[in-house]
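Chemist: Provided below are the primary sequence and the corresponding predicted coordinates.
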2 protein chains.
Amino acid sequence: MEGDSTLQLRVFDLNCWAIRYLSKRRQERMRLIGDVLRQERFDLVLLQEVWSEQDYSDLKAKLGGCYPFSHYFRSGVIGSGLCVFSRFTILDTLLYQYSLNGYPYMLQHGDWFCGKSVGLVIIKISGIIFNVYVTHLHAEYCREKDAYLPHRLVQAWELAQFIRHTSKAADVVLLGGDLNMHPEDVGIRLLCGWTGLRDAFAEAKHFEGCKDGCTLIPNNCFTIKTELLPFPLGIRIDYILYKAVSSFMVNCEELKTTTGSAPGMDIPFSDHEAVMATLHIRRQREAASATLSTAEPALADVVTEAQTEVGVGLQAAQRQRYSTGRLAVLALLLLLLQAAAVLGTLAGLGGQPFPKLSFSLLAFLAVGILLLTTGLHLFHTIEVKMLQGTEEQMRMALRVLQERP
Amino acid sequence: MEGDSTLQLRVFDLNCWAIRYLSKRRQERMRLIGDVLRQERFDLVLLQEVWSEQDYSDLKAKLGGCYPFSHYFRSGVIGSGLCVFSRFTILDTLLYQYSLNGYPYMLQHGDWFCGKSVGLVIIKISGIIFNVYVTHLHAEYCREKDAYLPHRLVQAWELAQFIRHTSKAADVVLLGGDLNMHPEDVGIRLLCGWTGLRDAFAEAKHFEGCKDGCTLIPNNCFTIKTELLPFPLGIRIDYILYKAVSSFMVNCEELKTTTGSAPGMDIPFSDHEAVMATLHIRRQREAASATLSTAEPALADVVTEAQTEVGVGLQAAQRQRYSTGRLAVLALLLLLLQAAAVLGTLAGLGGQPFPKLSFSLLAFLAVGILLLTTGLHLFHTIEVKMLQGTEEQMRMALRVLQERP
């Protein structure tokens, strides 16, 4: 790109909801997504919840002609679900797995097994370096009593820190993904404030799609209607965010969402709506200045608010670490007591021997509880450490913000 | 720093071997380390294996006067063991936990529980931005049959990638730590080749210390002599590496190691020797060019060699994933068989009921094996994914290296 010319970039973002054996009409929808992507020829496609590597390989085979470059981010037991298709060469990639991501014993929620991460791909278009991030944060299962809020805030903080530290040589930063946070939530304010990223929906010159840019709407046949009862219009949790560093300027010319069904079809792509942005990138005559968008006193308030929530999570984690530790000690004591009784009987000290069956069952139960609670105790110890680490990083951020002239 | 003036930076690096209840004379040695650090007034102190937060807090209290800034990196069950003390303000920090780090069932080696990571602190001295990394890679327990080589190579690769991606705005990059690799090992060549980092020992104008710069020597009363039998002089596994990007130049004026005991004392700081570098940083008239130090065809060979080793690890991980999966299925079949037998007896179909005690013991055994092998199967699934991901990243690196003009 030379002189005053403008580079146009069309970006597609979608949480595909492609869980093998669980997601409805998965194969049909993945085929449909592939067809539309091939037809529409976006510049960049950022997908989440592509849990099966086979689905990714099928997409890759189908889209090879129009998107010759792609990357699938592997992580966790099931995978990260994240992948990127690009019309332009991918120069490099990096994956950062969030340190906290729910609880392994919350099997019904399953987030822990997914190895939630942020993936970075670096591409160069017309001499402009793009750092493109794709991510998917921990789901929110109950807004009124959101037990995962501290974990999601740690993720939002790590995402912001990862973007800040890895994007220093980039001209343009793009982030697409399912952030599982409403626009006014503290995590979104923290992410945008601490990185300087701007929300394509808020900045778009033209918008077309669901009211308020919602991406989880009652009008989609796959969404669970009861979950959306408090939000008659739906909620907006999928985002395209961007910023230009150095001497570039980015504008969102147009933002679109699908509206409950794929264009011209009777079924939707997914239970989420797709977000499609048309960005214009221009070289600026004067270099851009600050990278923090929010005024710094306001940003300090946001960091403090996030820190408070992380602190609440820390207290809960400390309580759980304590109670699992206490249970483990009790189970160990029971085992020792049984061992003493056996030794006593063998030495001919005791009176009547215990009934063998119930005695062995009790021992197995105690071993089971000991193993389980020890595992949980270790898990909550890690949780406590990571929450403390985040709290401390936030404290350091506040100090730096306050010390700035 | 203005004009042609030179900034001198004195860096101290040590693996402190401070494992609570296990490391010999830990408290005495930690006091000694604190005393010497206070006396010597380095600019930067990079420590590993400070496993107890109490030890860190004690050091912090002691060193507050001469090193007003410090950071402890929390990670894993036990911690990362990494901390930094600095005479200059720490502006920001980031932690990256390696995706692979040994096996949880190798309790005697214990690396898995440590959450091995690389920590980054950013400091600014006289207007120069320093990205300082501290790390500790997986130990090598048997050089002839090193089962952990693929994991250590994944760590070396992730370390190199993390440094490359996060140091793009830095003027000077410093890395200190126990890399658990000999200077000629493929992991060191990969790390230095792919990041452009240079080895302070190889570059030092003056050197004083153990022959060949060894940091694990038979002459240290805490080292295990039998492990060092093939290396009469010892081995060098602790490093200070550096590079200057942009328009700066770094030289290592002097490198020192301790030689089996702390200066003027009768006991060593640790089972490792400390590495102390005096670096000179000058502004260059002409900006530095390439950041890759090794010639690119040679670097491609190194990446290929590393990729082959990761491939060997991948095959082993796939075998283990398969065999643990098969065992889990067998345990499940046994349980189902038992359930069928019980149902048969209840329905009055079978002949004689089984002896209750051995029947329940067998069931518990089957449940135990099922849980254990399922856990291991999940673990090796993650291992396979991460090894595949690293292999793919290395393939991409080779492609980029080959495509360069």
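Modeler: Good, I have the coordinates.
Chemist: can you tell me how far A:Pro218 is from A:Ile235?
Modeler: 10 Å (C-beta to C-beta, to the nearest Å). Glycine gets a C-beta too; all of them are placed from N, C-alpha and C.
Chemist: my guess is A:Ser126 contacts A:Leu7. True?
Modeler: Yes. Here A:Ser126 reaches A:Leu7: they are 5.7 Å apart, a contact under C-beta atoms under 8 Å.
Chemist: the more surrounded of those two?
Modeler: A:Leu7 (19 against 10; other C-beta atoms under 10 Å in any protein chain shown).
Chemist: just give me the neighbour total for A:Glu254.
Modeler: Other residues within reach of A:Glu254, judged by other C-beta under 10 Å, total 16.
Chemist: one more: A:Gln388?
Modeler: 18.
Chemist: skipping adjacent residues, who's closest to it in space?
Modeler: In this structure, A:Gln388 finds its nearest non-sequential neighbour in B:Arg74, 5.9 Å apart by C-beta to C-beta, 6 or more residues apart in numbering or on different chains.
Chemist: can you count the residues close to the nearest residue to A:Leu378 once chain neighbours are set aside?
Modeler: Leaving out its chain neighbours, the residue that sits closest to A:Leu378 by C-beta to C-beta, 6+ apart is B:Val77, at 5.0 Å. The local packing of B:Val77 (other C-beta under 10 Å) involves 15 other residues.
Chemist: and A:Arg282, by the same measure?
Modeler: The burial metric for A:Arg282, expressed as a neighbour count using other C-beta under 10 Å, is 16.
Chemist: for it, give its distance to A:Asp199.
Modeler: In this view, A:Arg282 and A:Asp199 are 20 Å apart by C-beta to C-beta.
Chemist: ok, A:Leu94 next?
Modeler: Using C-beta to C-beta, we find A:Leu94 at a distance of 24 Å from A:Asp199.
Chemist: need the residues of the stretch 151-300 of chain A near chain B, please.
Modeler: If contacts are counted using C-beta under 8 Å from any C-beta of the partner chain, the residues of the stretch 151-300 of chain A sitting beside chain B are A:161-162, A:164-166, A:168-169.
Chemist: okay, and the helix or strand of chain A with the least pLDDT?
Modeler: Taking mean pLDDT, DSSP states H and E as the measure, chain A has helix A:356-403 as its least confident helix or strand, at a mean of 88.
Chemist: which elements pack onto it?
Modeler: Judged by 3 or more C-beta pairs under 8 Å, 6 or more residues apart in numbering or on different chains; DSSP states H and E, helix A:356-403 is in contact with helix A:149-166, helix A:296-346, strand B:90-97, helix B:356-403.
Chemist: wait, which of the ones you listed is closest to B:His182?
Modeler: Proximity to B:His182, assessed across the helices and strands packed on helix A:356-403 by C-beta to C-beta, is greatest for helix B:356-403 (21.2 Å).
Chemist: and the angle from the closest one to helix B:149-166?
Modeler: Between the axes of helix B:356-403 and helix B:149-166, defined by axes from the mean of the first three to the mean of the last three C-alpha atoms, to 10 degrees, the angle is 50 degrees.
Chemist: centre of the chain to helix B:356-403, how far?
Modeler: 22 Å (C-alpha atoms, centre = their mean, to the nearest Å).
Chemist: point me to the residue of the stretch 1-150 of chain A nearest chain B.
Modeler: Closest residue of the stretch 1-150 of chain A to chain B, C-beta to the nearest C-beta: A:Arg74 (3.9 Å).
Chemist: that residue touches B:Lys385, doesn't it?
Modeler: Yes. Taking contacts as C-beta under 8 Å, A:Arg74 lies within contact range of B:Lys385: 4.2 Å.
Chemist: quick check: closest non-adjacent residue to A:Glu40.
Modeler: Spatial nearest neighbour of A:Glu40, excluding adjacent residues (C-beta to C-beta, 6+ apart): A:Phe12 at 7.3 Å.
Chemist: for that neighbour, give the beta-bridge partners.
Modeler: Using DSSP bridges, the beta-bridge partners of A:Phe12 come out as A:Val45, A:Met276.
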